[in-house]
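> Sequence plus predicted model, see below.
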Amino acid sequence: MGFFDSEVVQQEAKQLFEDYQSLMQLGSEYGKFDREGKVLFIEKMEGLMDRYKIFMKRFELSEDFMAQMTVEQLKTQLGQFGVTPQQMFDQMNMTLQRMKSEIDY
């Protein structure tokens with residue numbers, strides 16, 4: 001069975017995408033959140049980033065051709081902006097840390 005044929009992989013990809021879309025929509029109102037709302041939003045984003053890192057690691061460790069192509073496509077797309085996947089995660093983490101410091105986490 002191919003990597004993308006796995007029901008678990010398909011479900012996690014779908015859930016990650018839906019959760020990301022929901023958080024981005026919610027995040028557009030971030031400035032209006034009270035302290036507790038900001039804390040909750042940051043925690044949800046951290047959880048999503050952790051799930052995404054694990055999901056991407058599955059791709060990297062898979063021997064499936066399509067999974068490897070997906071990793072290479074991501075590297076190529078990010079490379080167009082002069083960023084590696086690790087730098088992308090590091091930048092997201094720095095942004096979340098800055099958001100925490102702004103609300104006296």
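Arrived safely.
> For the protein, just list every one of the helices.
Assigned by DSSP state H, the chain shows helices spanning 7-27, 35-61, 65-79, 85-102.
> The first one - what's its average pLDDT?
In this model, helix 7-27 carries a mean pLDDT of 93.
> Can you lay out the helices of the chain as a markdown table showing distance to Met1 and mean neighbour count?
(C-beta placed from N, C-alpha, C; glycine too.) Output for the helices of the chain, formatted as a markdown table (distance: least, CB to CB, whole Å; neighbours: other CB atoms under 10 Å):
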| stretch | distance to Met1 | mean neighbour count |
| --- | --- | --- |
| helix 7-27 | 10 | 12 |
| helix 35-61 | 14 | 15 |
| helix 65-79 | 12 | 13 |
| helix 85-102 | 25 | 13 |
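> roughly how far apart are Gln97 and Phe33?
Distance of Gln97 to Phe33, computed by CB to CB, to the nearest Å: 18 Å.
> oh, I was asking about Gln80
33 Å.
> Have a look at these two and say which one is more surrounded.
Phe33 (16 against 8; other CB atoms under 10 Å).
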